[in-house]
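Engineer: Okay, here's the prediction I keep looking at, along with the sequence it came from:
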Amino acid sequence: MRTILSPIYIVKQYERGIVELFGKYQRFVAPGLHFQLPILHLTRIRDIREHTMDIEPQSVITKDNVEIRVDGIIWVRPGLSTEEIQKTFYNIDDWKVAVLQLTKTNLRQEFGGLTLDESLVAREKISSNLQSVLDRMTKDWGLKVCKVEIRLIDPPNDIKTAMHKQKTAEQERRSMKLLATGRYEAAEQDKLASIQLAEGKREAEIKIAEGKAKAIELVNEAAEKYFKGNAKELKQLEMTEACLKNNSKIILSEKGISPTLLIGDLPLRKAE
């Protein structure tokens, strides 16, 4: 606020004021060039821009009896109308001090209705509630509370240490869970690969065994047709030996060369 005693003065665009005659309100002062009679008149000018005020760190008690420190910022401006400007001069002596004291009182009430955990995540809600309450309560002072911001919510050191340990444990738990999930998925992939490899190997062995069995069958048929007596059996043995190498097994029947092929433990085809 500034007080003007000179006969000629200018009120700026962001200012509003009042003129008093012998200490009594006479008229409203808008932006522009003005004249007054010294001694008789007194002009008082108010800056109507938003004023930024710091809420100093305050100790508050939460609903669950935890003492924390909070601070913030508040933006307030005088009203624009004639009536509101008069209220800023006649209804309150120092409106900035009054607003800050009112803010501190309501700040304690807001946090007193919340637990510590609720307070830590309700910053925007607390700011909005404070703005609404303060705006309503300062109307009689001709003021407009435009915005409130809570900057700091600071729990005691022992609680911060406990919260840090809890957060670290939670992060480790999530990390272990992700690691276990990765190992499980890798094991599943290894299992599927092993199954596919075993099936492929089994199918290959079956194909080889079927080929050998077919060869023996053809040998037997040829021996029956083109060889006689011992020569026939000798030829069958030679062809069977050539077809069944690499640890393949045969079982000779009483009828001569009529083997049953075994690949591993798998009995395949018996050549007649």
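Structural biologist: Noted; the coordinates are in hand.

Engineer: Go ahead and flag the most central residue of the chain.
Structural biologist: Nearest to the geometric centre of the chain sits Q171, at 12.8 Å (CA atoms, centre = their mean).

Engineer: how far away is L42 from N91?
Structural biologist: Using CB to CB, to the nearest Å, L42 is found at 19 Å from N91. (C-beta placed from N, C-alpha, C; glycine too.)

Engineer: try K207
Structural biologist: Using CB to CB, one gets 103 Å for the distance from K207 to N91.

Engineer: And these two? Which one has more around it.
Structural biologist: Remark: of K207 and N91, N91 carries more neighbours, 16 against 10, as counted by other CB atoms under 10 Å.

Engineer: quick one: the more buried one and T138 touch, right?
Structural biologist: No. Applying CB atoms under 8 Å, one finds N91 not in contact with T138, separated by 9.9 Å.

Engineer: all strands for this structure, in order.
Structural biologist: Here the chain has its strands, by DSSP state E, at 2-4, 8-11, 15-21, 24-29, 32-35, 41-47, 51-61, 67-78, 143-154, 260-263, 266-270.

Engineer: how about those in TSV, adding mean pLDDT?
Structural biologist: Below are the strands of the chain laid out as TSV (pLDDT from 0 to 100):
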stretch	mean pLDDT
strand 2-4	92
strand 8-11	96
strand 15-21	95
strand 24-29	94
strand 32-35	95
strand 41-47	95
strand 51-61	92
strand 67-78	94
strand 143-154	93
strand 260-263	48
strand 266-270	47
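
Engineer: closest one to S119 among the ones you listed?
Structural biologist: S119 sits nearest to strand 143-154 of all the strands of the chain, at 6.0 Å, using CB to CB.

Engineer: same for that closest one, what does it pack against?
Structural biologist: If you count contacts as 3 or more CB pairs under 8 Å, 6 or more residues apart in numbering; DSSP states H and E, strand 143-154 packs onto strand 67-78, helix 95-112, helix 123-137.

Engineer: Now with 6 Å, please.
Structural biologist: Applying 3 or more CB pairs under 6 Å, 6 or more residues apart in numbering; DSSP states H and E, we find strand 143-154 packed against strand 67-78, helix 123-137.

Engineer: Give me the angle between the longest one and strand 67-78.
Structural biologist: When axes from the mean of the first three to the mean of the last three CA atoms, to 10 degrees is applied, the directions of helix 123-137 and strand 67-78 differ by 50 degrees.

Engineer: And the contacts of helix 123-137?
Structural biologist: With CB atoms under 6 Å, 6 or more residues apart in numbering as the test, helix 123-137 has contacts from N106, E110, V145, V148, E149, I150.

Engineer: chain center to that helix, what's the gap?
Structural biologist: Averaging C-alpha positions (CA atoms, centre = their mean, to the nearest Å) puts helix 123-137 27 Å from its chain's average.

Engineer: Pass me the low-pLDDT residue ranges in the chain, would you?
Structural biologist: Scanning the chain for pLDDT under 70 picks out the ranges 160, 162-169, 212, 215-216, 218-220, 222-272.

Engineer: can you list the domain ranges for it.
Structural biologist: For the chain, automatic domain parsing gives the domain ranges 2-47, 51-155, 210-270.

Engineer: got JSON lines for the ones you listed, with distance to A187 too?
Structural biologist: Shown next, in JSON lines, are the domains of the chain (distance: least, CB to CB, whole Å):
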{"stretch": "domain 2-47", "distance to A187": "72"}
{"stretch": "domain 51-155", "distance to A187": "39"}
{"stretch": "domain 210-270", "distance to A187": "26"}
